[in-house]
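[1] I would like the atomic coordinates for the input below:
(one chain, ligands or ions: 1)
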Amino acid sequence: ARQVPDILSPAFAADPYPAYRLMRDTAPLIWHEATRSYLISRYEDVERVFKDRNGEFTTDNYDWQIEPVHGRTILQLNGREHAVRRALVAPAFRGSDLREKFLPVIERNSRELIDVFRDSGSADLVDDYATRFPVNVIADMLGLDKADHARFHRWYTSVIAFLGNLSGDPEVAAAGERTRVEFAAYMLPVIRERRENPGDDLLSTLCAAEVDGVRMSDEDIKAFCSLLLAAGGETTDKAVAGVFANLLRHPDQLAAVRADRGLIPRAFAETLRYTPPVHMIMRQSATEVTLSGGTIPAGATVTCLIGAANRDESRYRDPDRFDIFRDDLTTTTAFSAAADHVAFALGRHFCVGALLAKAEVETGVGQLLDAMPDMRLADGFEPVEEGVFTRGPRRLPVRFTPVPA
Ligand code: HEM
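    This next block holds a predicted model:
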């Protein structure tokens, strides 16, 4: 039997998909020494762990995985405590608030970035657009000072490096912890000030939120904002870039989306399945659990390989083909713990920002297509994905004939 390449090897980083297939087929449950976790790769198993119908898993792994950079966030919470926190934060990310309050913020922030390169005929969709757009949107939604955007970028980059630090580089770890201190020093005074002078922004909403007599402390809100910058920045950034990388590689599908903007949600859903921004999410087993791939002891860390589950041939036909017209994937990213792929996870911790991400990607892709009617990759450029924990195109240089705004 062929050996499964290690998830920390250069071969895996270059292209994880052949390794994922080999895992699903020959080693659907393997112990991984460096991350001290069990890797699972089949859709059926990943779905079972995320949905956790029998209460067999917790997110206690986040105590060491994210607490040092974010403090205590919703992700670390379990059971009733999680349900209450979820009820406190979720309404702000639902349909009506999103449409009324935040769609204008999304449209404005996208337009501002496009205006910078609109007349130039060339841009890097990653550096000039994708890495800036979602983090600008979150900062703007929270009502933070635009002048500080460069700092948010620096912080969220170091947080992401911390999360992806699977090999445990001590400098990356130290930088992540410094970010927590700097972010707290920045954010706590802003929260106190906003409690005194509330406005119409997301931060004021979070300060005022109350469920069953429970409210969030300044520290809770600070940790949530820290999570939003990273969870809402990095992921949506890679989703926007991924939509274009996939469409530019499939010019017929790009032409179809250009001709019918109603296909953008399909391009987004298929991109999340085919090239998910987050490839690995961990859980901890509370009891011994038997999955299709084997048995995990109690107290073990499990790494759900999202990129592997999303290409499981027992779930999708021809899974290694990018096809926005596939009929085994619908475009509903309902605000619920359900989706047709596991890119947003499933169950209790299902991405709270899924609808926001959808609104951002649909707006951004539409505006970019309008600004660049003949967008094409720069001569000779082939998109390359980077990253193991999170993954997306590192650069996406395009050329286009400018059109009047
Ligand atoms: C949770 C992915 C966009 C905020 C999650 C989880 C995944 C995910 C996989 C589950 C983590 C777990 O179960 O351990 C994504 C992807 C996105 C995206 C692929 C973009 C395409 C956003 C946005 C926001 C956001 C825009 C908000 C601004 C959150 C929060 C949670 C979460 C707060 C924790 C929910 C909970 O613990 O109940 N996301 N996300 N995400 N996401 Fe997203």
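[2] element containing Ala180?
    You called it Ala, but residue 180 is Arg. According to DSSP states H and E, Arg180 maps onto helix 170-196.
[3] nope, Gln284 is what I was after
    For Gln284, the enclosing helix or strand under DSSP H and E is strand 280-285.
[4] okay, the spatially closest residue to Ser37 that is not a sequence neighbour: pLDDT?
    Excluding the flanking residues, the one nearest Ser37 by C-beta to C-beta, 6 or more residues apart in numbering is Thr301, at 3.9 Å. Bear in mind the C-beta positions are built from the backbone N, C-alpha and C, glycine included. Model confidence at Thr301, given as pLDDT, is 97.
[5] OK, contacts around Thr301?
    With contacts defined as C-beta atoms under 8 Å, 6 or more residues apart in numbering, the neighbours of Thr301 are Thr35, Arg36, Ser37, Tyr38, Asn61, Met282, Arg283, Gln284.
[6] lowest pLDDT pick from the residues you listed?
    The weakest per-residue confidence within the contacts of Thr301 falls on Thr35 (89).
[7] surely it is in contact with Thr303?
    Yes - the pair Thr35 and Thr303 qualifies as a contact (C-beta atoms under 8 Å) at a distance of 6.3 Å.
[8] which one of those two is surrounded by more residues?
    When neighbours are counted by other C-beta atoms under 10 Å, Thr303 comes out ahead of the other of Thr35 and Thr303, with 25 against 18.
[9] so which bits of the stretch 201-350 of the chain are right by the ligand?
    227-228, 231-232, 235-236, 239, 277-278, 281, 343-345, 349 (C-beta under 6 Å from any ligand atom).
[10] in strands, which of these fall?
    Of the positions in those, Ile281 sit in strands, assigned by DSSP state E.
[11] out of the residues of the stretch 201-350 of the chain next to the ligand, which end up buried?
    Among those, the ones that count as buried by 16 or more other C-beta atoms under 10 Å are 227-228, 231-232, 235-236, 239, 277-278, 281, 343-345, 349.
[12] do you know the pLDDT at the residue in the stretch 251-400 of the chain positioned nearest to the ligand?
    Scanning the stretch 251-400 of the chain for proximity to the ligand using C-beta to the nearest ligand atom identifies Gly353 as nearest, at 2.0 Å. pLDDT, the model's per-residue confidence, is 93 for Gly353.
[13] surely it and Ala231 touch.
    Yes - with the criterion set as C-beta under 8 Å, Gly353 and Ala231 qualify as a contacting pair; they are 6.7 Å apart.
[14] ok so, going back, need the residues of the stretch 201-350 of the chain next to the ligand in a markdown table with distance to Thr330 and pLDDT, can you?
    Listed next are those as a markdown table, based on distance: C-beta to C-beta, whole Å; pLDDT from 0 to 100:
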| residue | distance to Thr330 | pLDDT |
| --- | --- | --- |
| Leu227 | 28 | 95 |
| Leu228 | 27 | 95 |
| Ala231 | 24 | 87 |
| Gly232 | 24 | 85 |
| Thr235 | 21 | 94 |
| Thr236 | 20 | 95 |
| Ala239 | 17 | 96 |
| Pro277 | 20 | 97 |
| Val278 | 21 | 96 |
| Ile281 | 22 | 97 |
| Ala343 | 14 | 95 |
| Phe344 | 14 | 94 |
| Ala345 | 18 | 95 |
| His349 | 22 | 96 |
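[15] in which helix or strand would I find the closest residue to Glu177 other than its chain neighbours?
    Distance criterion C-beta to C-beta, 6+ apart; nearest residue to Glu177, sequence neighbours excluded, is Pro68 at 5.3 Å. In this assignment (DSSP H and E), Pro68 forms part of helix 67-70.
[16] now do the buried residues in that helix.
    Neighbour-count burial for helix 67-70, with 16+ other C-beta under 10 Å as criterion, is recorded at Val69, His70.
[17] so that helix, near the ligand or not?
    No - no part of helix 67-70 sits close enough to the ligand to count as contact by C-beta under 6 Å from any ligand atom; the gap is at least 10.3 Å.
[18] tell me who's in contact with the closest residue to the ligand within the stretch 151-300 of the chain.
    Scanning the stretch 151-300 of the chain for the residue nearest the ligand gives Gly232, at 2.7 Å (criterion: C-beta to the nearest ligand atom). Residues in contact with Gly232, defined by C-beta under 8 Å, 6+ apart, are Pro134, Val135, Val137, Ile138, Gly353, Leu356, Ala357.
[19] any idea how far stretch 198-213 is from the chain center?
    Put simply, stretch 198-213 sits 24 Å off its chain's centre (C-alpha atoms, centre = their mean, to the nearest Å).
[20] pLDDT below threshold where in the protein?
    Across the chain, residues meeting the criterion (pLDDT under 70) sit at 1, 331-339.
[21] what does stretch 95-107 contact?
    91, 137, 140-141, 200, 202, 335, 355-356, 359-360, 363-364, 367.
[22] got the residues you listed as a markdown table, with secondary structure, distance to Ala308 and neighbour count columns?
    Formatted as a markdown table, the entries for the contacts of stretch 95-107 read as follows, by DSSP: H, G, I helix; E, B strand; the rest coil; distance: C-beta to C-beta, whole Å; neighbours: other C-beta atoms under 10 Å:
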| residue | secondary structure | distance to Ala308 | neighbour count |
| --- | --- | --- | --- |
| Pro91 | helix | 34 | 12 |
| Val137 | helix | 30 | 25 |
| Asp140 | helix | 35 | 20 |
| Met141 | helix | 33 | 24 |
| Asp200 | coil | 43 | 8 |
| Leu202 | helix | 34 | 23 |
| Phe335 | coil | 26 | 16 |
| Leu355 | helix | 26 | 18 |
| Leu356 | helix | 26 | 24 |
| Ala359 | helix | 28 | 22 |
| Glu360 | helix | 26 | 29 |
| Thr363 | helix | 31 | 20 |
| Gly364 | helix | 28 | 29 |
| Gln367 | helix | 33 | 18 |
